[in-house]
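Asker: would you be able to build a 3D model of this:
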Amino acid sequence: MPSLIDIRRRIRSVRNTQQITKAMKMVSAAKLRRAQDRVVAARPYTELLRAVLGNVAAAVAADERLGTDPLLAQRPEERVQVVLITADKGLAGAFNSNLIKGTQRFVEERAASRVEFELLGRKGRDFFRKQGVGITGELVGFSAAPRYDDVAAVAKKLIERFRNQEIDSVYLIYNEFRSVLSQKLTVVRVLPVEVPAQAEPVEYLFEQPPADVLGSLLPRYVETVVFRALLESAAAEHAARMTAMDAATRNASEMIGDLTLYMNRVRQASITKEIIEVVSGAAAAE
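Answerer: Presented below is the predicted three-dimensional model:
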């Protein structure tokens, strides 16, 4: 049976851990508010850009140059580029493990293709470095607050590789933010760009040829989609960490209660034993 000192030491250790998890929960809650605001602001812009892209594409649908744009080229997916977005830190429940498992399933489904990885986030990078897969690039230290400049550099690299026919398609794998308690594993194809169909095309007056306008919009659209994915992932990460730290804090409270009850039982048993020894000693002295 452990001594009272050992039990008190363990209770003190659990209480200190509880203070840490509680503080981490509060920090994640504050960061989540800012990350959520960025996601809410980015979603309408992305959807509007997609709608404009569809309208411009509809305007040049009769133009034979439309099909010659490199970013619209449909090719057999023999060489696939995966852009995996994970967190730089752990302690976020199953946030990173779900992404890694989803990526492994994606690769297994395309066993006939050569899959290369662009790893954004330390957790995904550390895991796939050990797997011996082809890694074309990595970016870490940004997941909590992604910047557009970093994303633009990654997007331009992907666009250049696709234009040079080094890869046949690009897929994004990330966690989409739904709510504080819900994140959705999302797999979306970025390249070749899928131009949305427009039921009611909007009439535009173009100063430049419509095909040139479309060629300028396509790279910006790819950059925006990648940046939005990073914002979604950042908000989902903070939400997952806040939820995990809240669960850890509650579990610590339950453990402290169980240990306190056990400590009282041990102390009571010790007192009872001492009383029995005193009484036995007095009875033997008579």
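Asker: quick one: low-confidence ranges for the stretch 51-200 of the chain?
Answerer: Low-confidence segments of the stretch 51-200 of the chain, defined by pLDDT under 70: 58-68, 196-200.
Asker: give me that answer again for 90
Answerer: For the stretch 51-200 of the chain, the stretches flagged by pLDDT under 90 are 51-78, 88-94, 110-113, 121, 129-135, 137-155, 163-165, 176-184, 191-200.
Asker: so the residue nearest in space to the middle of the chain is in which element?
Answerer: Nearest to the mean C-alpha position of the chain, counting by Cα atoms, centre = their mean, stands residue 233 at 3.9 Å. Counting by DSSP states H and E, the element that carries residue 233 is helix 210-285.
Asker: packing partners for that helix?
Answerer: If contacts are counted by 3 or more Cβ pairs under 8 Å, 6 or more residues apart in numbering; DSSP states H and E, helix 210-285 sits against helix 4-59, strand 79-85, helix 95-109, helix 148-163, strand 169-179, strand 182-191. For every residue, glycine as well, the C-beta is placed using N, CA and C.
Asker: averaged pLDDT, it. What do you get?
Answerer: For helix 210-285, mean pLDDT rounds to 85.
Asker: relative to helix 4-59, how tilted is that helix?
Answerer: Inter-element angle recorded for helix 210-285 and helix 4-59: 170 degrees (by axes from the mean of the first three to the mean of the last three Cα atoms, to 10 degrees).
Asker: and helix 210-285 with strand 169-179, angle?
Answerer: Using the same axes, to 10 degrees, helix 210-285 lies at 50 degrees relative to strand 169-179.
Asker: angle of helix 210-285 against strand 79-85?
Answerer: Interaxial angle, helix 210-285 versus strand 79-85 (the same axes, to 10 degrees): 50 degrees.
Asker: which one of the helices and strands packed on helix 210-285 is the most hemmed in?
Answerer: strand 79-85 (a mean of 23; mean count of other Cβ atoms under 10 Å).
Asker: partner strands of it, with direction?
Answerer: strand 114-120 (parallel), strand 169-179 (parallel) (DSSP bridges).
Asker: which outside residues touch the last one?
Answerer: By Cβ atoms under 8 Å, 6 or more residues apart in numbering, the residues outside strand 169-179 that reach it are 35-36, 39, 75, 77, 80-85, 95, 98-99, 102-103, 106, 158, 162, 183-192, 225-226, 229-230, 232-233, 235-237, 239-240.
Asker: residue contacts, the residue lying closest to residue 262 once chain neighbours are set aside?
Answerer: Leaving out its chain neighbours, the residue that sits closest to residue 262 by Cβ to Cβ, 6 or more residues apart in numbering is residue 7, at 6.5 Å. Counting by Cβ under 8 Å, 6+ apart, residue 7 touches 259, 262-263, 266.
Asker: out of those, which is nearest to residue 144?
Answerer: Among the contacts of residue 7, residue 259 lies closest to residue 144 (Cβ to Cβ), at 34.4 Å.
Asker: pLDDT at the nearest residue to residue 238 once chain neighbours are set aside, what is it?
Answerer: Spatially, and ignoring its direct neighbours in sequence, residue 238 is nearest to residue 32 (3.9 Å; Cβ to Cβ, 6+ apart). The model reports residue 32 with a pLDDT of 88.
Asker: same check, this time on the one 4 residues further on
Answerer: Reading off the per-residue confidence, residue 36 sits at a pLDDT of 87.
Asker: so that it lines up with my notes, have the first residue be 9 from now on.
Answerer: Taking 9 as the first residue, the last one we looked at is residue 44.
Asker: that one touches residue 243, doesn't it?
Answerer: Yes - using Cβ atoms under 8 Å, residue 44 is in contact with residue 243, at 5.2 Å.
Asker: on that earlier part again, the residue nearest to residue 246 is in contact with residue 251, isn't it?
Answerer: No - the pair residue 40 and residue 251 fails to qualify as a contact (Cβ under 8 Å) at a distance of 10.0 Å.
Asker: shared neighbours of those two, anything?
Answerer: The contact sets of residue 40 and residue 251 overlap at residue 188 (Cβ under 8 Å, 6+ apart).
Asker: just to revisit the earlier point, how much space separates the residue nearest to residue 270 from residue 281?
Answerer: Residue 15 is 16 Å from residue 281, where distance means Cβ to Cβ, to the nearest Å.
Asker: which residues does the nearest residue to residue 32 once chain neighbours are set aside contact?
Answerer: Excluding its sequence neighbours, the residue lying closest to residue 32 (Cβ to Cβ, 6+ apart) is residue 253, at 4.6 Å. Counting by Cβ under 8 Å, 6+ apart, residue 253 touches 29-30, 32-33, 36, 99.
Asker: many thanks, I have nothing further to ask.
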